[in-house]
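Novice: Fold the following and give me the result.
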Amino acid sequence: MKEYQWQNCPPNVRRQAELITNYLHDYLGSALVGVYIHGSIALGSFLPARSDLDLLIVVDRMLTAKERFKLMIAFLSLHRQPVHVEASIVRKSDMDNWTFPTPYEFHFSEHWRKRFEAMEAREDDSFWQFEDKATDSDLACHVKLARQAGIALYGPEPCDILPEVPHDDFWQSIRADADYYAKHSGDLENAGILSLLRIWAYKELGEILSKTDACRWAEGALPEELRHIAVNAMNEYAMNVVPARYNQSELLAFKTYLLNRIDAAVSVGWTGVQLPSPPPTTSTTA
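Specialist: Predicted coordinates:
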């Protein structure tokens, strides 16, 4: 399956991004500061059948509940046309005065689609009436990646508007996934394999890699007896092959090896933790 970057992505995906940007400019007007692509399409590993169109949007003021509700309706109409969209809107003042977890004004993703559709049908905007600042720890990842490889669809270049994310904030953001999988007692599925490989790659290289690039790097870095798991994970993700089957001892050895290198704070095998939900809430992991 061919991987794309922004410069050569399918025309219908580029058109989708342009329609979103035009809508944001028309609706938010002078409040819109910038629209930035990050994620797989910025890293050159975008797979139309798998990947989201990831957007980080900067505005210069607080949004009202009514504005958030109208943005929700607009993103529902632009979502899956043709690919899934994940978007976060943040205030410039919160970028200028960085805190962690980071406040946001609006978030949209496939995870929330059905709930948002029900809210649209009821014409209910109460969900968007934030009593306190809503925060998302994942924004540390999004901002760092947007600075590293992001593409400006509107506004200044990413490095001119987005802050340097402190290392400890970024590491805490991605480390939460490692801690989750350390606590998780079930089988390690492909999403977990890919996530742990990316975290390990960042710790070793100091650079955010795509899922497929992390697998390629790990193929040469893992002990020989564990390499096939990284190869199979990449093939399942990028080429949509039938998922490989492993015995529990193989997956436990793989997970333990990665967690030891990531140095997760909790011991392997602890149970009873639920995977956190995406925003809007307080801080989250993905």
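Novice: Any idea how many residues pack against Arg15?
Specialist: 12 (other CB atoms under 10 Å). Backbone N, C-alpha and C define where each C-beta goes, glycine included.
Novice: scratch that, Val59
Specialist: 21.
Novice: Now do the contacts for the closest residue to Pro163 other than its chain neighbours.
Specialist: Nearest residue to Pro163 in three dimensions, chain neighbours excluded: Trp98, at 4.9 Å (CB to CB, 6 or more residues apart in numbering). The neighbourhood of Trp98, defined by CB atoms under 8 Å, 6 or more residues apart in numbering, consists of 163, 165-166, 169.
Novice: Going by neighbour count, which of these comes out on top?
Specialist: Val165 (23 neighbours).
Novice: Would you map the strands across the stretch 101-250 of the chain?
Specialist: In the stretch 101-250 of the chain, the strands defined using DSSP state E, counting those that start in this stretch lie at 102-104, 106-108, 134-136, 151-154.
Novice: and the residue nearest to Pro163, how far is that from Tyr202?
Specialist: 19 Å (CB to CB, to the nearest Å).
Novice: cool, Ile174 as well?
Specialist: The value you get for Ile174 to Tyr202, if CB to CB is used, is 7 Å.
Novice: And the helices in the chain?
Specialist: For the chain, the helices defined by DSSP state H cover 11-28, 40-43, 65-78, 92-96, 113-122, 139-149, 158-161, 167-183, 190-205, 211-221, 227-239, 248-262.
Novice: As CSV, the ones you listed with mean pLDDT and distance to Tyr4 would be great.
Specialist: Conversion of the helices of the chain to CSV gives the following (pLDDT from 0 to 100; distance: least, CB to CB, whole Å):
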stretch, mean pLDDT, distance to Tyr4
helix 11-28, 98, 8
helix 40-43, 96, 7
helix 65-78, 98, 19
helix 92-96, 98, 28
helix 113-122, 98, 24
helix 139-149, 97, 14
helix 158-161, 98, 20
helix 167-183, 92, 24
helix 190-205, 95, 18
helix 211-221, 96, 12
helix 227-239, 94, 12
helix 248-262, 93, 28
